[in-house]
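Visitor: How does the following fold in three dimensions:
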Amino acid sequence: MSKARIYLVGLCAIVALCSCDFSKHNKALVNGVGRALAEEVSRDEIEAKGEKETSVSVDADDKLVMQTSPKGTPEQMLERTGYVASYNKTTRLPNWVAWHLTAERIEGSAKRSDVDFAEDTDVPEPRATDWDYYNSGYDRGHMCPAADNKWSKKAMEESFLFTNMCPQNGNLNRGDWNEMEMACRKWAKKYGGVYIVCGPILYKGKHKTIGKNKVVVPEAFFKVVLRTGDDPQAIGFIYKNTSGNRPKDAYVNTVDEVERITGIDFFPSLPDDVENKVEATANIENW
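Guide: Here you go, the predicted model:
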């Protein structure tokens, strides 16, 4: 029902109700007008509520952000405002962090300067703290970057939880890794949105740790990016946790190769034919 119709019905009701003589002799008409107004308003409220619930449901049920971790991997799922994380209590690191970066979410007023790094009390002790990183020689490396969460104050705050961090070489964190984060924001704007999954790579053998809580230092990091639509594409990247200054194409891998190295099944909710196609090839020129 349009606002004009509501106003018209409402006006009729007011005129009728304000006339005592009319009301006295035409109760049935007055009551009928009142019922009509109530029914039309109620119908609009129901329709609006239904549209809102559908929108929320679709956003909350975005299966593409859910990945499948290797069987037997310690995992606690953490659903945040701006991302989903699979947390590993053994390594004190995320197994992976995934989010849907849309064109709208690359803008906003939330500032990282207003937020401090924070211990995540949603996971059991021992867990990473600021003191583990202090004088460790490693940066507190965001997996889901702060700049992807400027659209929401709460999302920005949650991006600074240590369950979204890994010990990262400072040159990598502020150099090539940061350049890839900026590229993802550019792609989100260009294509309307992209799905991103990233996390640590731990090779077989003993791992270096930092701090009294023994936070594991990854040997490398992965990032996979998916765009959907008429021309779906996916691409993977692998970065050693060392200093370097290389072009983006030096890190390119197929998603299939990243799956082989990490054991993670990326984007399992994609139709099989689409998943098999986009994960088998990787060409930075397609982005």
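Visitor: Name the helix or strand for Leu226, please.
Guide: Assessed by DSSP states H and E, Leu226 sits inside strand 220-227.
Visitor: Name every sheet partner of that strand and say whether each one runs parallel or antiparallel.
Guide: strand 193-201 (antiparallel), strand 233-240 (antiparallel) (DSSP bridges).
Visitor: any idea which of the ones you listed is most buried?
Guide: Among these, strand 193-201 has the highest mean neighbour count (mean count of other Cβ atoms under 10 Å), at a mean of 24. The C-beta positions use only the backbone N, C-alpha and C, and glycine is treated the same way.
Visitor: From Glu119, how far off is Val274?
Guide: Distance from Val274 to Glu119, counting by Cβ to Cβ, to the nearest Å: 40 Å.
Visitor: Tell me which of these two has more neighbours.
Guide: More crowded of Val274 and Glu119, by other Cβ atoms under 10 Å: Glu119, with 17 against 14.
Visitor: circling back to that earlier point, what about the strand holding Leu226, average pLDDT?
Guide: Throughout strand 220-227, pLDDT has a mean value of 98.
Visitor: in the protein, what secondary structure element scores lowest on mean pLDDT?
Guide: The helix or strand of the chain with the poorest confidence is helix 27-60; it has a mean of 39 (mean pLDDT, DSSP states H and E).
Visitor: Pairing partners for the next helix or strand after it, with directions?
Guide: Per DSSP H and E, the first helix or strand lying C-terminal to helix 27-60 is strand 76-79. When pairing is defined by DSSP bridges, strand 76-79 lines up against strand 84-88 (antiparallel).
Visitor: Now do the buried residues in the strand holding Leu226.
Guide: Residues of strand 220-227 classed as buried: Ala220, Phe221, Phe222, Lys223, Val224, Val225, Leu226, Arg227 (neighbour count, 16 or more other Cβ atoms under 10 Å).
Visitor: go on, stretch 145-159?
Guide: Quick answer for stretch 145-159 (16+ other Cβ under 10 Å): 145-153, 155-159.
Visitor: Just put the strands paired with strand 220-227 in a markdown table and tack on mean pLDDT.
Guide: Formatted as a markdown table, these follow (pLDDT from 0 to 100):
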| stretch | mean pLDDT |
| --- | --- |
| strand 193-201 | 98 |
| strand 233-240 | 98 |
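Visitor: Now render those strands as JSON lines, adding distance to Ala103.
Guide: Output for the strands paired with strand 220-227, formatted as JSON lines (distance: least, Cβ to Cβ, whole Å):
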{"stretch": "strand 193-201", "distance to Ala103": "6"}
{"stretch": "strand 233-240", "distance to Ala103": "17"}
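Visitor: Out of these, which gets nearest to Gly263?
Guide: Of all the strands paired with strand 220-227, it is strand 193-201 that lies closest to Gly263, at 10.2 Å by Cβ to Cβ.
Visitor: Please, where are all the helices along the stretch 151-287 of the chain?
Guide: 153-158, 170-174, 176-191, 255-262, 272-280 (DSSP state H, counting those that start in this stretch).
Visitor: Same list, these, but as a markdown table with distance to Ile238 and mean pLDDT please.
Guide: Converted to a markdown table, the helices of the stretch 151-287 of the chain look like this (distance: least, Cβ to Cβ, whole Å; pLDDT from 0 to 100):
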| stretch | distance to Ile238 | mean pLDDT |
| --- | --- | --- |
| helix 153-158 | 26 | 98 |
| helix 170-174 | 12 | 98 |
| helix 176-191 | 11 | 98 |
| helix 255-262 | 7 | 98 |
| helix 272-280 | 15 | 97 |
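Visitor: I'd like to know which of these lies nearest to Arg80.
Guide: Closest approach to Arg80 among the helices of the stretch 151-287 of the chain (Cβ to Cβ): helix 153-158, 4.4 Å.
Visitor: got a list of contacts for that closest one?
Guide: 80-83, 110-112, 114-115, 118, 146, 149-150, 164 (Cβ atoms under 8 Å, 6 or more residues apart in numbering).
Visitor: Could you do stretch 116-124 as well?
Guide: Contact with stretch 116-124 is made by 76, 78, 87, 89, 127-130, 140, 157, 160-163, 165, as judged by Cβ under 8 Å, 6+ apart.
Visitor: Quick check: the farthest pair among those residues?
Guide: Within these, two members stand farthest from each other by Cβ to Cβ: Lys89 and Glu157, at 22.3 Å.
Visitor: Tell me the pLDDT of Arg105.
Guide: If you check Arg105, the pLDDT there is 96.
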